[in-house]
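Trainee: Okay, sequence plus prediction incoming.
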2 protein chains.
Amino acid sequence: MIMMGSIMHARERMIQSAALLFRERGIEATALSDVIEHSGAPRGSIYHHFPGGKAELAEDATRYAGDYVAGLIEAVAERNDPVLLVRSFVDQWRTVLRDSDCCAGCPIVAVALDSGEQSGVRRAAAAAFERWQQLCADALRAKEVEPQRAKSLAALMVASVEGAIVLSRVQRDTAPLDLVGAELESLVREAIAA
Amino acid sequence: MIMMGSIMHARERMIQSAALLFRERGIEATALSDVIEHSGAPRGSIYHHFPGGKAELAEDATRYAGDYVAGLIEAVAERNDPVLLVRSFVDQWRTVLRDSDCCAGCPIVAVALDSGEQSGVRRAAAAAFERWQQLCADALRAKEVEPQRAKSLAALMVASVEGAIVLSRVQRDTAPLDLVGAELESLVREAIAA
DNA sequence: GTCTATACGAAGATAGAC
DNA sequence: GTCTATCTTCGTATAGAC
């Protein structure tokens, strides 16, 4: 489904480039020419592959990023260890921060915040967040956590990590994400022990 | 220091309008003409009051919003009840969401995310977040919470609420903030009881 | 399909009158 | 101080050639 590094068609490369650029600069500050340059795609092909223009590209990039992260969550969820799930979720975002000197964040957040009235983009972002929360809640329920508690813990997991990414970017330091990750781990550990 | 509703000079009105518009649309999507229209300020006065242009206005708006929220936190911190602090912090943001049909969020986050290389703006945002965390940590330490724990709990408080605001905006529903608020309250209650 | 050229509009910033 | 007019840049989108 998601191919990174391997041979891709121009359309897929553009989607991936868009996601990478959006998470650093946001949609508004990313020009279509930036996406073309970054992806190495032919100049004239953007409106061929994305007749809906920037909005369509943003929507596809949002879905791409949402599916990619959901895939990572699903993979670790199979281990049936919610604490490990928290840790690997946090680790994944720390890597994004580290690899970019704390300049890159979550593309879904970036897209969500300046999508304005482009409801297609916003809905794609909502779908991604809801799916991540659902996967986290499922993992907790599989360890006998009450459904309501699982739901609110899942919301806390996704919200606090996303917020911590923002704080880490602004402070140019992964410390907020590190602190939040530690708190989340112990909270989840207690919840599944109860 | 912060006057809302009362008589203000054009400069202050513009700063407040900028903060209000930024938290809905972000910096990039907010034109200076939007700020002039919203504030009712005279057209020719923007570069008179803000010689540095949009970047200077954004920096001042970030400081304004950061100070405003810090003032609210300080006011409730005097009651010496961290659980109440969490509740009123969450309530305040829920009101922002409700009053805007979940379209408005935190101006600091909005500014942080598309500030790019405008380091003055980013530094102002970092200062705001660090001060909020410091105030929360102080409130926890005043109730005998260990300094290290107070620090990580404070990071979790700010990060999770900020993240929850983003989720609530994207999902057009305050549910994520409500769930996170409830989890935070019980977590803080346990921390100060220990 | 991919390219170049260009139309069109938006927005930041400046100059100079009042 | 405030206003109008304008310059300039830039980005989306389109048209039409190859």
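Mentor: Alright, I've got the coordinates.
Trainee: what about A:Y64, how many residues close to it?
Mentor: Neighbourhood size, A:Y64 [other CB atoms under 10 Å in any protein chain shown]: 20. Any C-beta I mention is one placed from the backbone N, CA and C, and that applies to glycine too.
Trainee: My guess is it contacts A:Q16. True?
Mentor: Yes - with contacts counted by CB atoms under 8 Å, A:Y64 reaches A:Q16, the gap being 6.7 Å.
Trainee: and the residue at minimal distance from the centre of chain A, backbone torsions?
Mentor: Taking CA atoms, centre = their mean, the centroid of chain A lies closest to A:C106, which sits 4.9 Å from it. The phi/psi pair for A:C106 (degrees, to the nearest 10) reads phi -90, psi 120.
Trainee: Please list all residues in contact with it.
Mentor: A:R23, A:A65, A:W93, A:V96, A:E162, A:I165 (CB atoms under 8 Å, 6 or more residues apart in numbering or on different chains).
Trainee: Of those, which fall within the contact range of chain B?
Mentor: Near chain B, judged by CB under 8 Å from any CB of the partner chain, the entries from the contacts of A:C106 are A:E162.
Trainee: What about the contacts of A:C106, which one has the most neighbours?
Mentor: A:I165 (28 neighbours).
Trainee: And that residue, how far from DNA strand C?
Mentor: The gap separating A:I165 from DNA strand C is 27 Å, by CB to the nearest atom of the strand, to the nearest Å.
Trainee: so that residue makes contact with A:G105?
Mentor: Yes - with contact defined as CB under 8 Å, A:I165 reaches A:G105; the gap is 4.9 Å.
Trainee: Give me the common contacts of those two.
Mentor: Common neighbours of A:I165 and A:G105 (criterion: CB under 8 Å, 6+ apart): A:V96, A:L97.
Trainee: show me the contacts for the one residue in chain A that gets nearest to chain B.
Mentor: In chain A, no residue comes nearer to chain B than A:G163, which is 3.0 Å away by CB to the nearest CB. Applying CB under 8 Å, 6+ apart to A:G163 gives the contacts A:V180, B:V158, B:A159, B:S160, B:V161, B:E162, B:G163, B:A164, B:V166.
Trainee: Any residues of chain A in contact with DNA strand C? List them.
Mentor: Counting by CB under 7 Å from any atom of the strand, chain A comes close to DNA strand C at A:A10, A:A41, A:P42, A:R43, A:G44, A:S45, A:H48, A:H49.
Trainee: okay, the fifth one: pLDDT?
Mentor: On the pLDDT scale, A:G44 is placed at 84.
Trainee: Would you point out the most distant pair within the residues of chain A next to DNA strand C?
Mentor: A:R43 and A:H49 (12.2 Å; CB to CB).
Trainee: The two: which is more packed in?
Mentor: A:H49 (17 against 9).
Trainee: helix or strand for the nearest residue to the more buried one once chain neighbours are set aside, which one?
Mentor: Of all residues not flanking A:H49 in the chain, A:R11 sits nearest, at 4.3 Å (CB to CB, 6 or more residues apart in numbering or on different chains). Here A:R11 is covered by helix A:10-25, with elements defined by DSSP states H and E.
Trainee: what does A:A104 give?
Mentor: Under the assignment here (DSSP H and E), A:A104 is part of no helix and no strand.
Trainee: Kindly provide the distance from it to A:S115.
Mentor: Using CB to CB, to the nearest Å, A:A104 is found at 18 Å from A:S115.
Trainee: And these two? Which one has more around it.
Mentor: More neighbours surround A:S115 than the other of A:A104 and A:S115, with 27 against 21 (other CB under 10 Å).
Trainee: my read: the more buried one touches A:R122, true?
Mentor: Yes - in this structure, A:S115 is within contact of A:R122 by CB under 8 Å, at 4.9 Å.
Trainee: so where's chain A shaky on pLDDT?
Mentor: Filtered on pLDDT under 70, chain A yields the residue ranges A:1-7, A:117.
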